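Student: here's a sequence, model it:
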Amino acid sequence: MIKKIFRIALQATMLPASFFCSTTLLGQSVYNFTKGLMTPVPSRYGREALYMDVLAYQLYSNSMKTPAEGETFVTDERGQALKWQPVTADSLFRLRGRMGFGGGRGGGPAGPGITPGTARNSIGVGGSYIYLTYQSEKEQAALLNIKGNSGVYVNGVPHMGDAYSLGYMYIPVALKKGLNEFYVRGASVIASLSFPAKPVTLNTEDLTMPFVVVSKDNSHLQGALVVLNTSNAELKGLKIKSTCAGKELITAIPAIPAMSSRKVPFVFDGTAAPGKGKYDCAVALMRDASIVDETKVPVEAVTAAEQYSATFVSNIDGSLQYYAVTPQQPGTNTTDAALFLSVHGAGVEAIGQARAYKPKDWGTLVAATNRRPRGFNWEDWGRLDALEVLAIGKEKFKPDPQHIYLTGHSMGGHGTWFLGATYPDKWAAIGACSGYPTLKGYGSADGLIPDSSNNPLEQMLLRSGNQSDVPKLASNYKPLGVYVLHGDADRTVSVEYARQMRKVLGEFHTDLSYYEYPNGEHWFGDQSVDWKPLFDFFKWHTLARDSAVDKVDFMTASPGIAADYHWASVQQQIYPLQYSRILLNRNKLGKAITGTTANVKLLKLELDNFGTGAALKITLDGCAISYITRSERDSLFLLKEKDQWVVGKSPEPDQKNPQRYGTFKDAFNNRMVFVYGTAGTKEENEWSLQKARFDAETWYYRGNGAVDIIADKEYSAERYKDRGVILFGNKQTNKAWNLLLGDCPIQIARNLVTAGSHSWKGDDLSAYFVWPIKGSAIASVGVVSGSGLKGMKAAFANQYFAGASGFPDFMIYGFNMLQAGAKEMKMAGFFDNDWKIDPANEAVNAGALSARVP
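Tutor: Residues are numbered from 1 along each chain as shown. Modelled structure (predicted):
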């Protein structure tokens, strides 16, 4: 039972007549914010690296005035005064502005969002902030829970929000004695502070759990739950003991930094489940033999014929993820059966996706998660998740390699278009249901992708998102069977998107099936995805073997995302992230390969079908090359030099190659570790740790992820071999800098930034960039840096966690970008194939340069 205790009146200098409602729940005091002040805020957060936020600018520059009712925050570009207005919670504790007040839930320090129609080179009112306060009688820790916001500043420090009101985002915060201020980005939120009875607790609101599949081996299953640490000490050496029907298993868990949370995996034994049903498994957090906290987690058991969830450890970050399965019909022939990869829509769990399909008699369906129900729009880490699940499905179910299919609905329809165009040699056919082809034309809570800009620096940022522009890659659909299903009354994703792709494909595609469901809305029952004609269409299609493919027509925006098409591979580009295309014809009898290329520097050809000692004649872009094969499985690298093709070699590990090609976001892979600096001033070190925590919170919320956070003095190349690194700080403030970045042409020091021959002075410069880690063929370091405290704070925003947001290899900007936009960009671009700064692939604001470096 929830019992009201009292109300606390706030001082007149804070929010007149403002108060909290205090309750107790599950042994903890809970304070619900019930009054605040709200204002529209000029801001711009989109799916690109550039962002603007006037409130953040004022916070970081210490020019923010304490809000008061009726006072003007700023005047917008139309001369309208934006004032702080009172908001009062309703009976459900929702704090909401009046209708039409100040935008939606996109944006803020924790995630991107943009108001459609906002001018490209000006700052518009793109969101709202709610100002809340809390008067604490002492210094103490609390758990902040806000639903409906995209981010929050707590006493000036940014934290992740809960834009989708999922409810499980609890942020450990250190409250000061006296006034504590919260700037919450959102127009309709529920906010509370809770004070846990224990400093370390287990939370089961966001579990990742497999099903017990009766008759399978269930002796060593893996689940994951959240540990909340509101203490001032890092937690090390803890274990989780699981007890299911008397069967105990112990799991050592990773370290959890002070004042933070982490989702941790544990093992449990499900063999005692007597049959189908739901059971409880006891879980205890242990320090040596002492119980720190304990709880119960639900375990569901199903028969082998039912849909189920299974878990796996992701190589992206080492976290536990899950996928769902619709098994093939019992008693049917599983030899040479098919595999269907289904990608879900926004807000849909993978198990819900799997349950929408009836079992098929000719194949198994696997549903990936996109790392979260909303995740990354099946791009970036959502794309990698789909590939991980596809690989698991192939290994576990051993399908016929020629019978692999892709389908999805809504956001998953976009995922189908995107994954189909990106990897056209992985599928026999694809089926896009009620989907949009590209985010450039489709608005969402995370905002629109702009299509163009007159600013060369912003053009470089947009170029880094070229892989997301599906219509530009439409020629890649040529070898695929394509089925399009869309309700003609869909008000969520307009049928015009399907018609757009029908028009695009109709110009060249010979294997397209298109159906508009009469009066069908966005969801017209399970047949919205489990559509018999679609699966009949799949059954007619097979994926051609490499030996049968003699014509290659393949486009890619980045070899680091997609390099291969059957026997040809784009290894390096001339202009990174511009579109590359290869059109090749193979004549096995005539022992010849002919064709043309665009934006290809290094090309790889697999020569398996020519045999040993074959004298090949290769003609590329009019250049003739002779080559004699050396083995049955020979391969040939061709390098373009001064408009001529010559025999080359495989890229060296320290060159760009498909395993490590950039961009900045590529560093968030290979079980990355966050490394914060400890060698700076007190304020610089605080920023570094705050930023690492903030990014870890965001990664958890957006990607169901978990990451190691360590101090710079703990990092060593040997201990963290082949792991990605995200480094926070600069040359003076992070002790790992010289080890990881000593040979990098971009250097960030106090009051000075150098990039090749360019330099800028001042303490207000920010940078994001990527660099290959020496001694590793796969891992990169991503750098989040500033030349001083102002520059560091301007780098707080983490737009890079938004699916399809474009980040180049490097980006340098000034603090004033937060209010002035693209004109405060200093430099952006891509390293060449030798990881050197290349004038042909950079854009520089010449007017902002301090000096030329000799």
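Student: show me where the stretch 351-500 of the chain has helices.
Tutor: Assigned by DSSP state H, counting those that start in this stretch, the stretch 351-500 of the chain shows helices spanning 381-397, 411-422, 456-463, 495-506.
Student: one more: the chain?
Tutor: Listed in chain order, the helices found in the chain under DSSP state H are 54-60, 350-355, 381-397, 411-422, 456-463, 495-506, 532-539, 682-703, 737-741, 789-794, 817-820.
Student: will you turn the ones you listed into JSON lines that also has mean pLDDT?
Tutor: Formatted as JSON lines, the helices of the chain follow (pLDDT from 0 to 100):
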{"stretch": "helix 54-60", "mean pLDDT": "97"}
{"stretch": "helix 350-355", "mean pLDDT": "98"}
{"stretch": "helix 381-397", "mean pLDDT": "98"}
{"stretch": "helix 411-422", "mean pLDDT": "98"}
{"stretch": "helix 456-463", "mean pLDDT": "91"}
{"stretch": "helix 495-506", "mean pLDDT": "97"}
{"stretch": "helix 532-539", "mean pLDDT": "98"}
{"stretch": "helix 682-703", "mean pLDDT": "98"}
{"stretch": "helix 737-741", "mean pLDDT": "98"}
{"stretch": "helix 789-794", "mean pLDDT": "98"}
{"stretch": "helix 817-820", "mean pLDDT": "94"}
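Student: just name the most buried of the helices of the stretch 351-500 of the chain.
Tutor: helix 411-422 (a mean of 28; mean count of other Cβ atoms under 10 Å). In this view, the C-beta of every residue, glycine as well, is placed from N, C-alpha and C.
Student: against which helices or strands is it packed?
Tutor: Using 3 or more Cβ pairs under 8 Å, 6 or more residues apart in numbering; DSSP states H and E, the elements in contact with helix 411-422 are strand 338-343, helix 381-397, strand 404-409, strand 429-433.
Student: just the angle between it and strand 338-343, please?
Tutor: Angle, helix 411-422 to strand 338-343, by axes from the mean of the first three to the mean of the last three Cα atoms, to 10 degrees: 120 degrees.
Student: and helix 411-422, how far out from the chain middle?
Tutor: Computed by Cα atoms, centre = their mean, to the nearest Å, the chain-centroid distance of helix 411-422 equals 16 Å.
Student: for the protein, give me the ranges with low pLDDT.
Tutor: 1-27, 46-47, 99-126, 443-452, 847-854 (pLDDT under 70).
Student: among the helices of the stretch 351-500 of the chain, which comes closest to residue 842?
Tutor: Taking Cβ to Cβ, helix 456-463 is the member of those nearest to residue 842, at 7.6 Å.
Student: using PDB, list the CA coordinates for that closest one.
Tutor: Extracted in PDB, the C-alpha atoms of helix 456-463 (Å, rounded to 0.1, in the frame of the first residue of the first chain):
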ATOM      1  CA  PRO A 456      30.900  22.200 -47.000                       C
ATOM      2  CA  LEU A 457      31.500  21.100 -43.500                       C
ATOM      3  CA  GLU A 458      27.900  20.100 -43.000                       C
ATOM      4  CA  GLN A 459      28.000  18.300 -46.400                       C
ATOM      5  CA  MET A 460      30.900  16.200 -44.900                       C
ATOM      6  CA  LEU A 461      28.700  15.300 -42.000                       C
ATOM      7  CA  LEU A 462      25.800  14.300 -44.200                       C
ATOM      8  CA  ARG A 463      28.200  12.300 -46.500                       C
END
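Student: shouldn't residue 591 be in contact with residue 611?
Tutor: No: between residue 591 and residue 611 there is no contact, the gap being 9.2 Å when judged by Cβ atoms under 8 Å.
Student: who has more neighbours, these two?
Tutor: Per other Cβ atoms under 10 Å, whichever of residue 591 and residue 611 has more neighbours is residue 591, with 17 against 13.
Student: what's near enough to touch the more buried one?
Tutor: 610, 614-617 (Cβ atoms under 8 Å, 6 or more residues apart in numbering).
Student: give me that answer again for 6 Å
Tutor: 614, 616 (Cβ atoms under 6 Å, 6 or more residues apart in numbering).
Student: list phi and psi for it.
Tutor: Main-chain torsions, residue 591, degrees, to the nearest 10: phi 50, psi 60.
Student: how close does it get to residue 749?
Tutor: 58 Å (Cβ to Cβ, to the nearest Å).
Student: ok, residue 223 next?
Tutor: Residue 223 sits 46 Å away from residue 749, going by Cβ to Cβ.
Student: now swap in residue 437 and tell me
Tutor: 44 Å.
Student: I'd like the helices and strands packed on helix 411-422 as TSV, with distance to residue 699 appended.
Tutor: Output for these, formatted as TSV (distance: least, Cβ to Cβ, whole Å):
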stretch	distance to residue 699
strand 338-343	21
helix 381-397	9
strand 404-409	24
strand 429-433	29
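Student: between these, which one is nearest to residue 732?
Tutor: When those are compared by Cβ to Cβ, helix 381-397 sits nearest residue 732, at 31.9 Å.
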